[in-house]
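Enquirer: here is a sequence together with a model predicted from it:
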Amino acid sequence: MPTKIEKDAVSGTLTTGHEWDGIKELNTPLPKWWLYVFYATIAFAAVWVVLYPALPIQGATGLTGWTARGAIEQEMAEHAERLEPRLAAIRDAAPQEILADPELRNFALAGGRVAFANNCAACHGAGGQGAQGGFPSLADDDWLWGGKLADIRQTIAHGIRNAEDEAARTTMMPRFLADGLLSAAQVNEVAEHVLSLSGRATDAAAARRGAAVFAENCSSCHGNDGRGSRELGAPDLADQIWLYGGDKAAVVQSVSYARAGVMPAWGGRLDPAVVNMLTVYVHSLGGGEPE
Ligand code: HEC
Ligand code: HEC
């Protein structure tokens, strides 16, 4: 029940005018210190809005011109500036020179690991272990195109069978069945021969006939013994390592339609220093060969 505001006799404080069953509510003033802190925060907020970007408006800045984005950009620019002397040294050095200099080498391996995670891991796996479906392991010594620093650098910079780089590696295996170069029976025989190279043929007679087909159609790239050719990026067919799977169906598929795996070129996208760092990093994964 509202009653009139009056002075409380006991505390000397005014009442709010609210009363319930004879109990009146005091209007005790806020402590002075609290009130002044409260006013100070309002003043602080007002100054803040003027000086810093506080309003929800795209691109709003305060009088100081400070923005969180700008601060990060500056931090990144300072970071890049600190790294630049090392990057410049790596950019100008041949990969062999980077390997020979322990400081550059450590820097390149650390940078290469990050660049690999960002650009390569999606296809080649986080540790370069490769993936089924034509993505070779970069961590073993089974190389399609070569494991020397110069080979690896060439592959990374220009890629394989891509349309964007004229210096890309280009050898294409013919589509033997699809283009009518071999009959289905011959494909079957040559597949048996390929399996026999790793001791897995199930039809010895077909494998023997397939040897002749192989000598005529395949050995120019894969070699007489099926050991492959790095000049042509033709895989070793006599080992246990398969890009596309080594069972009969996968081999028949490879021979019938070819695979033509594509790897993008990185020379035009990444800083040459990063290409060098990646070269040293991939070389270090386990299969790097001496020059
Ligand atoms: C879109 C998928 C893809 C990405 C991304 C990719 N690669 Fe590849 N890479 C391939 C394929 C496919 C091959 C095998 C092509 C072939 O059949 O010859 C390959 C082959 C290679 C080879 C040759 C291996 C050998 O045995 O000779 C190297 C080295 C290599 N990649 C490094 C890299 C690096 C370093 C990166 C990141 C900068 C990268 N790749 C990113 C798909 C990719
Ligand atoms: C012009 C060169 C060339 C000729 C000729 C050629 N190949 Fe290939 N072959 C390649 C290349 C390059 C690859 C790598 C895979 C790709 O195309 O991405 C390959 C891949 C393969 C694969 C897949 C290997 C794997 O690890 O999964 C098989 C199997 C194969 N070839 C069998 C044959 C047989 C059998 C013949 C003959 C009938 C033949 N090739 C003729 C170049 C050739």
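Expert: Alright, I've got the coordinates. Remember, it's a predicted structure, so these values are computed and weren't measured experimentally. Ligands and ions are numbered 1, 2, ... in the order given.

Enquirer: list the buried ones in stretch 10-28?
Expert: Neighbour counts using 16 or more other Cβ atoms under 10 Å place T15 of stretch 10-28 among the buried residues. To be clear about C-beta, it is placed using only N, CA and C from the backbone, and glycine gets the same treatment.

Enquirer: ends of it, how far apart?
Expert: In stretch 10-28, first residue to last residue: 13 Å (Cα to Cα, to the nearest Å).

Enquirer: what helix or strand is Q96 located in?
Expert: helix 95-100 (DSSP states H and E).

Enquirer: that helix close to ligand 1?
Expert: No: remark: helix 95-100 sits outside contact range of ligand 1, by Cβ under 6 Å from any ligand atom, the gap being at least 12.4 Å.

Enquirer: what's the first helix or strand after that helix?
Expert: Per DSSP H and E, the first helix or strand lying C-terminal to helix 95-100 is helix 102-119.

Enquirer: centre of the chain to that next one, how far?
Expert: 13 Å (Cα atoms, centre = their mean, to the nearest Å).

Enquirer: and the stretch 101-250 of the chain, which residues reach ligand 1?
Expert: Counting by Cβ under 6 Å from any ligand atom, the residues of the stretch 101-250 of the chain near ligand 1 are 119-120, 122-124, 134-136, 138, 143-145, 152, 155-156, 160, 233.

Enquirer: domains in this protein, as residue ranges please.
Expert: Domain ranges of the chain: 71-168+263-284, 184-257, per automatic domain parsing.

Enquirer: hmm, back to that, mind giving me the ChimeraX command for buried ones among the residues of the stretch 101-250 of the chain next to ligand 1?
Expert: Restricted to buried positions by 16+ other Cβ under 10 Å, the ChimeraX selection for these reads:
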select :119,120,123,124,134,135,136,138,143,144,145,152,155,156,160,233
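
Enquirer: so which of the residues of the stretch 101-250 of the chain next to ligand 1 sit within helices?
Expert: Among these, the ones falling in helices (DSSP state H) are N119, A122, C123, H124, I152, T155, I156.

Enquirer: JSON lines please, covering those and showing pLDDT.
Expert: Converted to JSON lines, these look like this (pLDDT from 0 to 100):
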{"residue": "N119", "pLDDT": "97"}
{"residue": "A122", "pLDDT": "96"}
{"residue": "C123", "pLDDT": "96"}
{"residue": "H124", "pLDDT": "97"}
{"residue": "I152", "pLDDT": "97"}
{"residue": "T155", "pLDDT": "97"}
{"residue": "I156", "pLDDT": "98"}
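
Enquirer: fine, thanks again, bye for now.
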